[in-house]
Each structure stands twice: as structure tokens, then as C-alpha cells.
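Enquirer: build me a structure from this.
(one chain, ligands or ions: 1)
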Amino acid sequence: MNKNIFRSIAGIIIFTLFSSVITAQKITEPKLDSDWIKPYPPFRIAGNLYYVGTYELGCYLITTSKGNILINTGTAASEALIKKNIETLGFRLRDIKILLTSQAHYDHVGAMANIKKETGAKFMVDAADADVMQTGGKSDYELGKYGVTFKPVKAGRLLYNGDTISLGNMQLVMLHHPGHTKGSCSFLFTVYDSVAAYRVLIANMPTIIVDKSFADVTAYPNISRDYAYTLQAMKNIQFDIWLCPHTSQFNLHEKHKPGDAYNPSAFIDQEGYNDELNDLQKAYDEKIKQ
Ligand SMILES: [Zn+2]
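Expert: Sure, this is the predicted structure:
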């Protein structure tokens, strides 16, 4: 074969391979509310638990004697905001040892791959969301229709209902709360300050995201059963402080204003939690009539 033809064919092959790699990694975030990426001043919630998220997307830092735990990252764009929030509180990003998420949706794990790479932290995920994390959202039963919605992340540990995540003096229990995603979950743990102990629940509220009837969600045959399970399981949790991956779900902005003094009791709200769960139960009851 003529050397020049060979070169140009090789060039075309390399170019094609290269561009297909680029195409495979194209990330499309379907929607970005301005509140999702709006900066918000970080603050101490209770004991060694801190708020480091954006105005709407709840991200939580738990500090321990052996390094820190970060729950949720917000969208890809919030990477810089979270980093800044962590540093503003006097902590270092590189001290994060464990990364967790409430659910494998791009508005909570958009910056997970980059933060994992930067910190070398271990990413642990509810086993039922591990595949969606690895495909960058492409295998999600609903948001998969948008293709890859976040940078894929491989889990270092798979979590199952009731599993304990330990670091230093902290133990978090993971509660499997499927429906919103197949591996949505909540975290339950205790923090202390000089006055009291607080049982904290970071609850993934089971909101419904499909328009079609559950029977038509062929990519998630157990969806109806999973929501029913989660709604029931969530009614039986004992806790003091209630937080969520979305601040509007637990009314952060009614409970706390930037600059407010340390006040854990502002987040003690069993009634608000019950109301929210009742609304979600109603939405589910309506849905299954479809
Ligand atoms: Zn979601």
C-alpha cells in the first residue's frame, strides 16, 4: 500500500476513534434551575455536621477525627461552589475520605467524578444505583432518555439497606428508599455538641418523576412496589433533625438565614416531615389510580 494512502487511512481511523470517545463523554444536563447553581453561605448545622450546598441543592459535610464525609455534590457547575464553601468553613477538600449520594441524578452527583479524582476519596453508593452511576445516568429508567447527564463514577463500595458507613468516630446508617431512583437512600446518624445529641436524618423524599403510569415504566418493573415500601418505611424513622437533598423540601430558607447564629433546633421539624410525607403518599395514591 502506498505510504501516503496508508497514513491518511490511519489518520481517519484515529480521528474516528477519537471523536467517538468525545461523543461518548458528551454530558447533557437536561435542566438547570438558577437556584440550583446559586451560591449559598455554608454554616454549621449541628455538632460536626455542616451545610456546604448551593441555595437549593443540599450538600452535607461531616467532619471526623479521621477525615471527612461529603454527601451529594450538586450539579457539575457547583463543584467550585462546594469547594469554596468547605474552605470558608476552615476545612480542606483533600480531607474528604468518603463520598456519598442520596440518589444518582445529575443535580446531586454532577461533580462527583471530579471531586473523587481530586480527593482520592472512596465513593459508596446504594447498590441499586451503582449501574446508573457508572453509565453517567444513561441507564436511569427515566432520565436515561437524555443520555449521559453526568460524568460516570465507579463505586468503591456498594451499600445495602441498614449498612453502616464508619469513619473516625462517626457511624452513618444507610436506609434504602427506592422509587425516585432505584437506589435512592437516606442517611441516619448522631452528632453531638456541648449541650445535646441529635439524631439526624438526611431523607431522600420519594417524589415521582414519571408522567406515564407506573405500569408503563418497563425499565423499572418494581417501581410501584418500591414507592409503597419507601413511604411506609419512612413513616417509622426516629430522628431529631430533618434534612434533604433539596432545600425546598425541608424549607431551609424559612429555618435559616445567612449569618444566623448556630441553632440546631431550627432543623427539628417532625411536623414538617410528616406533612411532606403525607403529600407524597397522596401523590402516590393518585398515581396508582392512573
Ligand atoms: Zn432526582
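
Enquirer: the helix or strand harbouring residue 63 - contacts with which helices or strands?
Expert: Per DSSP states H and E, residue 63 falls inside strand 60-64. Secondary structure elements in contact with strand 60-64, counted by 3 or more C-beta pairs under 8 Å, 6 or more residues apart in numbering; DSSP states H and E, are strand 49-51, strand 67-71, strand 170-176. All C-beta atoms are positioned from the backbone trio N, CA, C, and that covers glycine.

Enquirer: dump the ones you listed into JSON lines; add mean neighbour count and distance to residue 219 as well.
Expert: Shown next, in JSON lines, are these (neighbours: other C-beta atoms under 10 Å; distance: least, C-beta to C-beta, whole Å):
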{"stretch": "strand 49-51", "mean neighbour count": "23", "distance to residue 219": "34"}
{"stretch": "strand 67-71", "mean neighbour count": "23", "distance to residue 219": "27"}
{"stretch": "strand 170-176", "mean neighbour count": "20", "distance to residue 219": "19"}
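
Enquirer: so which of those is nearest residue 196?
Expert: strand 49-51 (13.0 Å; C-beta to C-beta).

Enquirer: residues contacting residue 36?
Expert: 54, 55, 56, 57, 74, 75, 78, 107 (C-beta atoms under 8 Å, 6 or more residues apart in numbering).

Enquirer: quick one on the thing from earlier: the helices and strands packed on strand 60-64: which one's closest to residue 232?
Expert: Distances from residue 232 to each of the helices and strands packed on strand 60-64 were compared by C-beta to C-beta, and the smallest falls on strand 170-176, at 12.3 Å.

Enquirer: and the angle for that closest one with strand 60-64?
Expert: Relative orientation of strand 170-176 and strand 60-64, computed by axes from the mean of the first three to the mean of the last three C-alpha atoms, to 10 degrees: 140 degrees.

Enquirer: sheet partners, orientation included, of the following helix or strand past strand 170-176?
Expert: Scanning the chain past strand 170-176 towards its C-terminal end, the next helix or strand to appear is strand 185-192 (assignment: DSSP H and E). Paired neighbours of strand 185-192 in the sheet (DSSP bridges): strand 170-176 (antiparallel), strand 197-202 (antiparallel).

Enquirer: and strand 185-192, which residues are buried?
Expert: Of the residues in strand 185-192, those with enough neighbours to count as buried (16 or more other C-beta atoms under 10 Å) are 185, 186, 187, 188, 189, 190, 191.

Enquirer: what residues does that strand touch?
Expert: 46-49, 62, 71, 100, 102-103, 126, 129, 159, 165, 170-177, 197-204, 234, 237, 239.

Enquirer: what's the angle from it to strand 67-71?
Expert: The directions of strand 185-192 and strand 67-71 differ by 140 degrees, with the same axes, to 10 degrees as the criterion.

Enquirer: quick one: low-confidence parts of the chain?
Expert: Counting by pLDDT under 70, the chain has low-confidence residues at 1-25.

Enquirer: all strands in it, in order from the N-terminus.
Expert: According to DSSP state E, the chain carries its strands in the segments 43-46, 49-51, 60-64, 67-71, 96-100, 122-126, 157-159, 164-167, 170-176, 185-192, 197-202, 241-243.

Enquirer: still on that earlier bit, mind putting the contacts of residue 36 in a markdown table, distance to residue 271 included?
Expert: Formatted as a markdown table, these follow (distance: C-beta to C-beta, whole Å):
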| residue | distance to residue 271 |
| --- | --- |
| 54 | 26 |
| 55 | 24 |
| 56 | 22 |
| 57 | 24 |
| 74 | 28 |
| 75 | 31 |
| 78 | 30 |
| 107 | 27 |
